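>>> sequence plus the predicted model coming up.
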Amino acid sequence: MRNVLLAATALGLASCSNYGTEDLARAAGAAVLEDLIADAVGSVTRSAAFVERDEYRNPVETLTYFGVQPTDTVVEIWPGGGYYTQILSPYLSTGGTYYAVASDRGLGRVRALQEENAALYSNINYAAFPASAGDTMVPNGSADVVLTFRNVHNWEMGDADNGALAFSQMYAMLKPGGTLGVVEHRLPESADSALEETSGYMKTSTVRALAEAAGFEFVGSSEINANPNDTADYPNGVWTLPPTLRLGDEDRDRYLAIGESDRMTLKFRKPA
């Protein structure tokens, strides 16, 4: 199927005089990459509860945008319940390397996932994040891709000021030329910046500033994970929306209709 897709893409582009050889190869390669990622996302081994979140999280388009290859060394920062672990660990199992990094407490659900299906998730490597002296760390300069999904607000909320440390450690993990992919709940640029400390939403400009201060180059952004129905002004912040639904049955149908949060999708590069 993948060879057919590659050939079809090449033939289609070859008929367009505006495409050169390099453009044709890049587009064909992206199509095959998307097909490989789609296979992993479509696996029957994924939890049904996670599959239900796909319409909001767009994992095929997101991982394709970040250019995650099956032979890459990929670090996922704070994997939470394992939504992306269930995709990335099997996807990287034959030629790549997968790290799940967090505190011991933050890795509990991923470890449980591995215990439940040791064969499928045998390739998970663990490390601490943020790491202190003596912790198991992702080796510096070893990762092709570092990914973090909906976590930046946790490093900046309240009195916390761990964003600079987090981005500097992610920078250190990456090889020169490596990619940092960030998905985060998006606060409108016109909103009061104080909301970043309480709402779970972050301004794109704030995330960019943190990354660029650590040395990253901004590559681009995508609207893959945008949700124009999200107004980002709820009584319990982003947790008002699904899947948390912190208000319980109060206005439940309204928040279910909005769906998950509006999200920025940002790509950065560690300079070569």
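Looks like it arrived, so ask away.
>>> can you list the domains in the chain?
1-41, 47-269 (automatic domain parsing).
>>> check which helix or strand Arg254 maps to.
Following DSSP states H and E, one finds Arg254 within helix 252-258.
>>> so Lys203 touches Ser193, yeah?
Yes - with contacts counted by CB atoms under 8 Å, Lys203 reaches Ser193, the gap being 6.8 Å. Where you see a C-beta, it was placed from the backbone N, CA and C, and this is true even at glycine.
>>> and the two? which has more neighbours close in?
Of the pair Lys203 and Ser193, Lys203 is the one with more neighbours under other CB atoms under 10 Å, namely 19 against 12.
>>> so what's the more buried one up against?
Arg186, Leu187, Pro188, Glu189, Ala191, Ser193, Glu196 (CB atoms under 8 Å, 6 or more residues apart in numbering).
>>> now do the phi/psi pair for it.
Torsion angles at Lys203 (phi, psi; degrees, to the nearest 10) stand at phi -80, psi 140.
>>> is it in a bridge, and if so with what?
Leu187 (DSSP bridges).
>>> now it: how far from Thr179?
Using CB to CB, to the nearest Å, one gets 22 Å for the distance from Lys203 to Thr179.
>>> what of Leu63?
Distance from Leu63 to Thr179, by CB to CB: 11 Å.
>>> more neighbours, these two?
Leu63 (26 against 22).
>>> tell me the pLDDT of the more buried one.
Looking at Leu63, its pLDDT is 98.
>>> what's the span of stretch 127-145, first residue to last?
15 Å (CA to CA, to the nearest Å).
>>> one more: stretch 125-144?
Using CA to CA, one end of stretch 125-144 lies 15 Å from the other.
>>> mind listing what's buried in that stretch?
Within stretch 125-144, the residues that qualify as buried are Tyr126, Ala127, Ala128, Phe129, Pro130, Ala131, Met137, Val138, Ser142, Ala143, Asp144, counting by 16 or more other CB atoms under 10 Å.
>>> show me which of the residues you listed is closest to Thr71.
Asp144 (8.4 Å; CB to CB).
>>> quick check: which helices or strands does the helix or strand containing that closest one pack against?
Assigned by DSSP H and E, Asp144 belongs to strand 143-149. Applying 3 or more CB pairs under 8 Å, 6 or more residues apart in numbering; DSSP states H and E, one finds that strand 143-149 makes contact with strand 73-77, helix 163-173, strand 174-187.
>>> so what does the shortest one touch, helix or strand wise?
Applying 3+ CB pairs under 8 Å, 6+ apart, one finds that strand 73-77 makes contact with helix 85-91, strand 97-101, strand 143-149, helix 163-173.
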